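Student: using only what follows, build the 3D model:
(one chain, ligands or ions: 1)
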Amino acid sequence: MLNLEELRGIAATNPGGDYYVSLYLNVDPITNPNGEYIIKVRNMLKETAEGLERQKPVCKKVKEDLELLEDYFTGQKPQFRKAICLITRKSGGFWKEYHLAMPVQSGIFVDTTPYLKPLFDLMDHYPRHLILLLSKDEARMFVVQMGEILEYGEVRTPDVIGKHKKGGWFALEQDRFERHTDFHVGLHLNEVVRQLSGFVEKQGISRIVIGGPQETLAMGREKLPSGLAGRVIGEFHAGMYETSRQILDRVQPIVSAYEGGRQNETVDELVTRAHKNNQAVLGIEDVMLMSGEKKIMTLLVDPALKQDGYACRNCGALALGPQNCRWCGGGMYGVNYLIDLLMQKTVENGGRVEVVPENEKLRNLGKIGAILRY
Ligand SMILES: [Zn+2]
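Tutor: As a prediction, this is how the structure comes out:
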């Protein structure tokens, strides 16, 4: 998962004249059923090497990095997601590998700093949610983004006296015991808030979901400072020792509902503009046409939409019918993953993709639409 603090750290490194090679590539197994990305990456690497021949000192420095990248794709066969970002500087032993859940604009960038803008853009555009699982003496923190969950840390504030329970050999009187417990829970919450604030700040997270046993949910609501409480978008019941997967299942409906609200507004804008003929189109046919003209700024698509189609052998343009490519005249081949290709192409051409599940309006209007560039 992308980590803002780590990216900021990489962005701030000073290589002292050495070169980084940053590679972005769509490797989705659906749109690359026969490993087609290997041909593409070879061409990209070849073009990069040729382009650098005029700059001999740079060429010499990054030659090994380009070889390393080629070996990566031809050697092992990693389990790919939709896209990958690799950043290397062999002379400094630097290697970073990000498997991404959304397509990217493919490219190779050679520079004295790593090229991180596409990663920062992904972080901006696909909101991250912090999940706080809270009990009276423990807390766990997770981040959820693009359907992924990652656990980041925990806070434990064990209560030494409480562990002996009242009635133990150094029993406390009832009211002293309660006062002690309150005091201890207060200490714990202070520590949780301290860590949570630091984390939210470092990772630039604006939304929080709280989970835990019933009693601690109320406690969390009351005791969180307003700066954090204002970011809470929902809560859920859970045990403290559930797995990340179980937590994700509980959190997903809350996150989806929240995202859905935000997406409804985008769909409303799409529909209004399309009806006024103002830089927006609805339905697969018009969307395909606008994709060919590279005019799509935001593609909105219902994940339930399945569509067969054709892709040009020559320029990669997409079409619904098998007639020769309307853009270059090349021959077409059939694909049963047209929508995945369309999403990829949108990003390749500098647009964005919004997957919109369960929006009644979009569903009734052909499950797909696009807001266009001015
Ligand atoms: Zn073509």
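Student: quick one: neighbours of the closest residue to residue 307 other than its chain neighbours, just the number.
Tutor: Once flanking residues are discounted, residue 307 sits nearest to residue 338: 4.6 Å by CB to CB, 6 or more residues apart in numbering. No exception for glycine: its C-beta is placed from N, CA and C like everyone else's. Using other CB atoms under 10 Å, the number of residues around residue 338 comes to 22.
Student: who touches residue 338 in this structure?
Tutor: By CB atoms under 8 Å, 6 or more residues apart in numbering, residue 338 lies in contact with 307-311, 318, 320.
Student: which of the residues you listed fall in strands?
Tutor: Taking DSSP state E as the definition of strands, these contribute 309-311, 318.
Student: narrow those to just the buried residues.
Tutor: Among those, the ones that count as buried by 16 or more other CB atoms under 10 Å are 309-311, 318.
Student: got the residues you listed as CSV, with pLDDT and distance to residue 2 columns?
Tutor: Below are these laid out as CSV (pLDDT from 0 to 100; distance: CB to CB, whole Å):
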residue, pLDDT, distance to residue 2
309, 95, 31
310, 96, 34
311, 93, 30
318, 93, 29
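Student: for the chain, what lies in contact range of the ion?
Tutor: 312, 314-315, 317, 325, 327-328, 330 (CB under 5 Å from the ion).
Student: buried residues, stretch 332-351. List them.
Tutor: Using 16+ other CB under 10 Å as the test for burial, stretch 332-351 gives 332, 335, 337-349, 351.
Student: closest one to the ion out of those residues, please.
Tutor: Among the buried residues of stretch 332-351, residue 332 lies closest to the ion (CB to the ion), at 8.1 Å.
Student: quick one, phi psi at that closest one?
Tutor: phi -110, psi 150 (degrees, to the nearest 10).
Student: over to the one 3 residues further on?
Tutor: In this entry, residue 335 is assigned phi and psi values of phi -130, psi 150 (degrees, to the nearest 10).
Student: and the closest residue to residue 98 other than its chain neighbours, how close does it get to residue 91?
Tutor: The shortest distance from residue 98 to any non-neighbouring residue, by CB to CB, 6+ apart, is to residue 85 (4.2 Å). Separation of residue 85 from residue 91 (CB to CB, to the nearest Å): 20 Å.
Student: just want to know which of the two has more residues nearby.
Tutor: Neighbours of residue 85 and residue 91, each counted by other CB under 10 Å, are more numerous for residue 85; the result is 21 against 13.
Student: tell me the SS of the more buried one?
Tutor: strand (DSSP: H, G, I helix; E, B strand; the rest coil).
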